[in-house]
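Asks: With the input below, show me the fold.
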Amino acid sequence: MSRALKQAPWLIFLALLLIFALAPFEWMLVASLKPADEQLIRGNPWWPDSPYWANYTNLLGSHTFQHWLANTTLVMTSTLAISVVASLLAGYALAYLEVPFSRGIVVALFATYLLPQGVLFLPLVTMLSQLHLLNSPLALILTYPSLVIPFGTWVLWSFFRGLPRDLIDQARVEGARTGDILLKVVGPVAAPALAAVLLFGLAIVFNDYFYAFAFVSDESAQTLVAAVGSTSVDISDSGFIFAAVTIGVAPVALLCAFFADVYARGLGAGVID
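Replies: Numbering: from 1, shown residues only. All right, here's what the predicted structure looks like:
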């Protein structure tokens, strides 16, 4: 039996799996290019007969959507910046600075990552309420890093432990400071692990509805995910919602597609030996 025939069942299975995974996104994209009265009643559900771009032009011209997008961008960039810097510093310190019980600290941090969202809800909402931060993007900017940093610290700690210790010692002998070592030595080498933390943080921001809706109920301060999820949809504005979801999902999907191999390498490094 030829190699192609042996691989045929696996290729068919992968093709079916790909179709099954992408079909909802294809339907959503097509629905965003149709008038509201055609989405569920008339026309080909998998291909628009005549693309209806008004959904996107109306959406991009909407001040409400612009608020959602600005809030999402602010929360996303702040979360990623805080999470990556904190994870890098914590992972480096626990791997190289001979912190007592470093392995136990990492395991404890990783255990917090595994906690269900509901367990953390009451303490978080109490603290944010006492700080008068509810109903503002700052509530999410302070919450999301608490979900990303434990995972990021574990990945980077594991990655750094796999690097030759001589790499750090040689840099110190040559007079490099800790900041120089982080930026010029271990930072570039740890790019796959950092990419894994970035993509994980991105997924947290774009996949979370629980905290985003519970902590920010004011529509003008909500992120795109919470706003779209809490918007009452009727036949007259469903195209607007589908277009908003498509614009929100597309950048994340493209980033994950282009950096999937880097993400896999970063996660591969994050294995406790």
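Asks: List the contacts of residue 212.
Replies: Residues in contact with residue 212 (CB atoms under 8 Å, 6 or more residues apart in numbering) are 140, 222, 223, 225, 226. Just so you know, the C-beta spots here come from the backbone N, C-alpha and C atoms, and that holds for glycine as well.
Asks: what helix or strand is it on?
Replies: In this assignment (DSSP states H and E), residue 212 forms part of helix 210-215.
Asks: now the strands for the stretch 1-150 of the chain?
Replies: All residues of the stretch 1-150 of the chain lie outside strands when identified by DSSP state E, counting those that start in this stretch.
Asks: can you give me the helices in it?
Replies: For the stretch 1-150 of the chain, the helices defined by DSSP state H, counting those that start in this stretch occupy 3-32, 54-60, 63-96, 102-113, 117-130, 137-161.
Asks: Kindly reformat those helices as TSV containing mean neighbour count, distance to residue 194 and mean pLDDT.
Replies: Listed next are the helices of the stretch 1-150 of the chain as TSV, based on neighbours: other CB atoms under 10 Å; distance: least, CB to CB, whole Å; pLDDT from 0 to 100:
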stretch	mean neighbour count	distance to residue 194	mean pLDDT
helix 3-32	12	27	80
helix 54-60	16	32	82
helix 63-96	19	6	90
helix 102-113	15	17	84
helix 117-130	13	25	87
helix 137-161	23	8	91
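Asks: Which one of those helices lies nearest to residue 198?
Replies: When the helices of the stretch 1-150 of the chain are compared by CB to CB, helix 63-96 sits nearest residue 198, at 5.9 Å.
Asks: Run the chain-centre distance for the closest one.
Replies: Taking CA atoms, centre = their mean, to the nearest Å, the mean C-alpha location of helix 63-96 is offset from the chain mean by 10 Å.
Asks: before we move on, what about stretch 145-153?
Replies: Between the centre of stretch 145-153 and the centre of its chain there are 12 Å (CA atoms, centre = their mean).
Asks: re the thing from before, so which of the contacts of residue 212 is the closest to residue 170?
Replies: residue 140 (41.8 Å).
Asks: distance of the nearest residue to the closest one once chain neighbours are set aside from residue 29?
Replies: In this structure, residue 140 finds its nearest non-sequential neighbour in residue 75, 4.8 Å apart by CB to CB, 6 or more residues apart in numbering. Distance of residue 75 to residue 29, given as CB to CB, to the nearest Å: 25 Å.
Asks: same thing with residue 150?
Replies: Distance of residue 150 to residue 29, computed by CB to CB: 35 Å.
Asks: that older thread, any chance of CSV for the helices of the stretch 1-150 of the chain, columns distance to residue 196?
Replies: Converted to CSV, the helices of the stretch 1-150 of the chain look like this (distance: least, CB to CB, whole Å):
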stretch, distance to residue 196
helix 3-32, 21
helix 54-60, 32
helix 63-96, 10
helix 102-113, 13
helix 117-130, 21
helix 137-161, 6
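Asks: How about the contacts made by residue 142?
Replies: The contact partners of residue 142, by CB under 8 Å, 6+ apart, come to 128, 133.
Asks: Residue 208 too?
Replies: 144, 225.
Asks: Begin at 519 from now on, thanks
Replies: Will do, 519 is the new start, and the previous item becomes residue 726.
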